[in-house]
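Engineer: Got a predicted structure plus its sequence, pasted below:
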Amino acid sequence: MSWAAPDDIFFSTSLAAYLDKKLLVLLRDGRKLMGLLRSFDQFANAVLEEAYERVIVGDLYCDIPLGLYIIRGENVVLIGELDVEKEELPAQMVQVSEAEIKRAQKAEKEEMLLKGTMRKRMEFLDLD
Amino acid sequence: MLFFSYFKDLVGQEVTVELKNDLAIRGTLHSVDQYLNIKLENTRVVDQDKYPHMLSVRNCFIRGSVVRYVQLPPDGVDVDLLHDAARREARGG
């Protein structure tokens, strides 16, 4: 295997240009991991240092520290380079504790479930 | 290899990539590789309010396996050229 020349990496599709940068990794299950990219391969397996998961529920968010993470490439949807000059999140979003975000997540899940069952009960109305 | 070559010709153009999770991202095509992984520059998400975490993402790498569609500029397709290429590919040469 050959390594791209230093100038080359910025023009190629390889993740080399993102090494040692702070990235957002979107996973197939919708999770959002952030951290410094330390290593990767052709499958988009990736090593994130100082990784944390950013949980967002409505206008609330929470960063849960994870440590050093190796992500299996098949779970990766997108790897985004963050613009350091831009705000990471809209101004109205509020950071809350891990306990609070878990509560909010649970409430959201129950609401979705309720919506689903209500819809099912109303199906005889032929809404669509 | 046809679509790899095809996407390489589109580098520098503005495209919208729609992913299997319904996220649609518009940006300038920076590069493609043999897996049809895509790198976009100056990205913006089509439905920004729904994806607040994407706000500060300017450049991104998209894994080829999660792409559903790539929407191209209308003049980005030379149909005749693509026809010829497809026939050549089908003949195995």
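Structural biologist: Yep, that arrived.
Engineer: Just give me the residue right at the centre of chain B.
Structural biologist: Central residue of chain B (C-alpha atoms, centre = their mean): residue B:70, 4.5 Å from the mean position.
Engineer: Next SSE downstream of the helix or strand encompassing it?
Structural biologist: Under the assignment given by DSSP states H and E, the secondary-structure element containing residue B:70 is strand B:67-71. Elements were assigned by DSSP H and E; along the chain past strand B:67-71, the next helix or strand is helix B:79-91.
Engineer: So for that next one, what gets flagged as buried?
Structural biologist: Judged by neighbour count (16 or more other C-beta atoms under 10 Å in any protein chain shown), helix B:79-91 contains these buried residues: residue B:85. Any C-beta I mention is one placed from the backbone N, CA and C, and that applies to glycine too.
Engineer: Not counting it itself, show me its contacts.
Structural biologist: Applying C-beta atoms under 8 Å, 6 or more residues apart in numbering or on different chains, the contact partners of helix B:79-91 are B:1-2, B:5-6.
Engineer: Repeat the analysis, applying 10 Å as the threshold.
Structural biologist: With C-beta atoms under 10 Å, 6 or more residues apart in numbering or on different chains as the test, helix B:79-91 has contacts from B:1-3, B:5-6, B:9, B:78, B:93.
Engineer: Next: stretch A:98-110.
Structural biologist: The contact list for stretch A:98-110, computed with C-beta under 10 Å, 6+ apart, reads A:54-65, A:94-97.
Engineer: filter these down to the ones near chain B?
Structural biologist: With C-beta under 10 Å from any C-beta of the partner chain as the criterion, the subset of the contacts of stretch A:98-110 in contact with chain B comprises A:54, A:56, A:58-59, A:61.
Engineer: Could you pick out the buried ones from the residues you listed?
Structural biologist: The neighbour count (16+ other C-beta under 10 Å) marks A:54, A:56, A:61 as buried among those.
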